[in-house]
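*Asks:* I would like to see how this sequence folds:
(4 chains)
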Amino acid sequence: MTLRVLFFARLKEQLHTDKLELDVGDAILSVSELRKRLLVMFDNHEALQVTRTLVAVNQQMANEETQVTAGDEVAFFPPVTGG
Amino acid sequence: MTLRVLFFARLKEQLHTDKLELDVGDAILSVSELRKRLLVMFDNHEALQVTRTLVAVNQQMANEETQVTAGDEVAFFPPVTGG
Amino acid sequence: MTTDSAPRILVTESDFSVGNEHQRLIENNPQQGAVVCFTGLVREMAGDVSLTALHLEHYPGMTERCLLDIAQTAQQRFGLDRTTIIHRVGTLALNAQIVFVGVTSAHRQAAFDGANFIMDYLKTQAPFWKKEIHTQGHSWVDAKETDNLAARRWNQSE
Amino acid sequence: MTTDSAPRILVTESDFSVGNEHQRLIENNPQQGAVVCFTGLVREMAGDVSLTALHLEHYPGMTERCLLDIAQTAQQRFGLDRTTIIHRVGTLALNAQIVFVGVTSAHRQAAFDGANFIMDYLKTQAPFWKKEIHTQGHSWVDAKETDNLAARRWNQSE
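*Replies:* Here you go, the predicted structure:
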């Protein structure tokens, strides 16, 4: 019962990882709660602070209240700079 | 001592001519005065009315007050529709 | 933002290649990150008559002068670098290319605005006249008030 | 004004041909008189560091989905017919093509607005990230507030 977490760009470099599988059992978490778990895992790394990152759930832009559960794909990344 | 008059597009078809040389001696005419002479020549043809035509003098957009003289090129044409 | 590139102005019966024109605009141009191109095509008018071709008449000499003036005004006003204006004349089939406007700039909004401005002025100032050829005959196209309004908006505050 | 043409969306490491893309947009398209294309290129930033290349990272899957959504929104809002969005990823040299947006419409202002809108939304919503490669090292590009402002203007009255 895992949830897939992805990191991109600067975030990926700062956290030294681009993806991880997180066992969440059958819990339903908000993005905010998921972020707290990640902050524990990454020693409160500043790269994971809300103000510095955007979040997408299942490839759609999401926010701190969006609910996630096992099977979901959650991505954290900096503001986009394409084009 | 002639002045060159050109007609384009619908005007050219209506007047059945695309260009004529007009002997103006050494007179200086306004476009308005030139137009009056042309109206006489073309039997007051409605195609030559001010409201239906634009005028260019020496290939620059002009108006009824613009002064013309021998050697000048004066063109009358309908509103443009390119692009 | 250099504005010293001479505009490329072409009034011709021949067709043009958008690919080649685009290449000319970007070649050895490392400061200009944005290119905007407009192409106008002969289209079937939505209406009661079915268009078979378009005939384009122009005022040789004055046309080129007028297009150059529009291009230079746009370069200065929007800080464009390269500008190209190509306009075809003669008889053009359905779906044929009529006009090409291409501009480069350091920034995308300037490029969009510059190309848009050039088209608005070309439509209302350059001495071209369109005649529609239908199956039933032909008729000169009337100037559109919407085109005049479009050109006039550039005189207002931005 | 049909809006049933499926957008052409491409995220690729390969370069693209503006000539070929333009041809695709106009082929057998007799109702659409206006084509607007935007191309973005890698440019030497005006600044203290000299750029040698750009690296573009993206979020595979989400990127394509996001570009499709932007293209469809633009088609509907501006009555566009065909739309193409191509965005390159990977390492790109100075002056290389990065992004292409091409749209067709019956009317020129809709085509200009549609392409402009797509670029503004692509810049602020599509998950791409640029890293500048300099002679001295590399650094991620920061998002620009001017891009956010540009995107926001489409929410206001037209």
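*Asks:* going forward, measure contacts between C-alpha atoms and count neighbours the same way
*Replies:* Noted.
*Asks:* now C:L51. Nearest residue, chain neighbours left out?
*Replies:* In this structure, C:L51 finds its nearest non-sequential neighbour in C:H134, 4.8 Å apart by C-alpha to C-alpha, 6 or more residues apart in numbering or on different chains.
*Asks:* how close does the residue nearest to C:N28 when sequence neighbours are not counted sit to D:L122?
*Replies:* Nearest residue to C:N28 in three dimensions, chain neighbours excluded: D:N95, at 7.6 Å (C-alpha to C-alpha, 6+ apart). In this structure, D:N95 and D:L122 are 20 Å apart, going by C-alpha to C-alpha, to the nearest Å.
*Asks:* one more: A:L3?
*Replies:* Using C-alpha to C-alpha, one gets 28 Å for the distance from A:L3 to D:L122.
*Asks:* sorry, back to before: more crowded one of D:N95 and D:L122?
*Replies:* The neighbour comparison of D:N95 against D:L122 (other C-alpha atoms under 10 Å in any protein chain shown) goes to D:L122, with 27 against 21.
*Asks:* where exactly do the helices run in the chain?
*Replies:* By default, I'm working from chain A. A:9-15, A:31-41 (DSSP state H).
*Asks:* oops, I was thinking of chain C
*Replies:* Along chain C, the segments classed as helices by DSSP H run C:18-26, C:62-78, C:108-125, C:145-152.
*Asks:* I'd like these as a markdown table, with distance to D:G114 and mean pLDDT appended.
*Replies:* Rendered in a markdown table, the data for these read as follows (distance: least, C-alpha to C-alpha, whole Å; pLDDT from 0 to 100):
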| stretch | distance to D:G114 | mean pLDDT |
| --- | --- | --- |
| helix C:18-26 | 20 | 97 |
| helix C:62-78 | 20 | 98 |
| helix C:108-125 | 11 | 97 |
| helix C:145-152 | 17 | 91 |
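*Asks:* need the ones you listed in TSV (columns: distance to chain D).
*Replies:* Putting those into TSV (distance: least, C-alpha to the nearest C-alpha, whole Å) gives the following:
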stretch	distance to chain D
helix C:18-26	4
helix C:62-78	16
helix C:108-125	7
helix C:145-152	9
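*Asks:* got phi/psi on C:S50?
*Replies:* Per-residue torsions, C:S50: phi -100, psi 120 (degrees, to the nearest 10).
*Asks:* run a quick neighbour tally on it.
*Replies:* 14.
*Asks:* my read: it touches C:T135, true?
*Replies:* Yes: counting by C-alpha atoms under 8 Å, C:S50 sits close enough to C:T135 to count as a contact (7.0 Å).
*Asks:* look at whichever residue of chain A sits closest to chain B and report its pLDDT.
*Replies:* Using C-alpha to the nearest C-alpha, the single residue of chain A nearest to chain B is A:G83, 29.6 Å away. In this prediction, A:G83 carries a pLDDT score of 95.
*Asks:* check contacts around it.
*Replies:* Residues counted as contacts of A:G83 (C-alpha atoms under 8 Å, 6 or more residues apart in numbering or on different chains) are D:G40, D:H87, D:I98, D:V99, D:M119, D:L122, D:K123, D:F128.
*Asks:* and with 10 Å instead?
*Replies:* A:G83 makes contacts with D:39-42, D:56, D:86-88, D:98-101, D:119-124, D:126, D:128-130, as judged by C-alpha atoms under 10 Å, 6 or more residues apart in numbering or on different chains.
*Asks:* what's the answer for A:G82, then?
*Replies:* Each residue near A:G82 by C-alpha under 10 Å, 6+ apart is listed here: D:56-58, D:87-89, D:98-99, D:119, D:122-131, D:141, D:143.
*Asks:* can you do 6 Å?
*Replies:* D:K123, D:F128, D:W129 (C-alpha atoms under 6 Å, 6 or more residues apart in numbering or on different chains).
*Asks:* for it, which non-adjacent residue is spatially closest?
*Replies:* Closest residue to A:G82 apart from its sequence neighbours, by C-alpha to C-alpha, 6+ apart: D:F128 at 4.6 Å.
*Asks:* C:L54 pairs with what?
*Replies:* Using DSSP bridges, the bridge partners assigned to C:L54 are C:L92, C:E132.
*Asks:* in chain A, which spans are strands?
*Replies:* A:2-7, A:19-23, A:28-30, A:54-57, A:60-61, A:67-69, A:73-77 (DSSP state E).
*Asks:* do the fifth one and chain D meet?
*Replies:* Meaning strand A:60-61. No: contact between strand A:60-61 and chain D, assessed by C-alpha under 6 Å from any C-alpha of the partner chain, is absent, since the two come no nearer than 7.1 Å.
*Asks:* that strand pairs with which strands?
*Replies:* Sheet partners by DSSP bridges: for strand A:60-61, these are strand A:54-57 (antiparallel).
*Asks:* what is the neighbour count of residue 31?
*Replies:* Assuming you mean chain A. Neighbours of A:V31 using other C-alpha under 10 Å come to 21.
*Asks:* looking at chain C here, not the other one
*Replies:* Neighbours of C:Q31 under the rule other C-alpha under 10 Å: 22.
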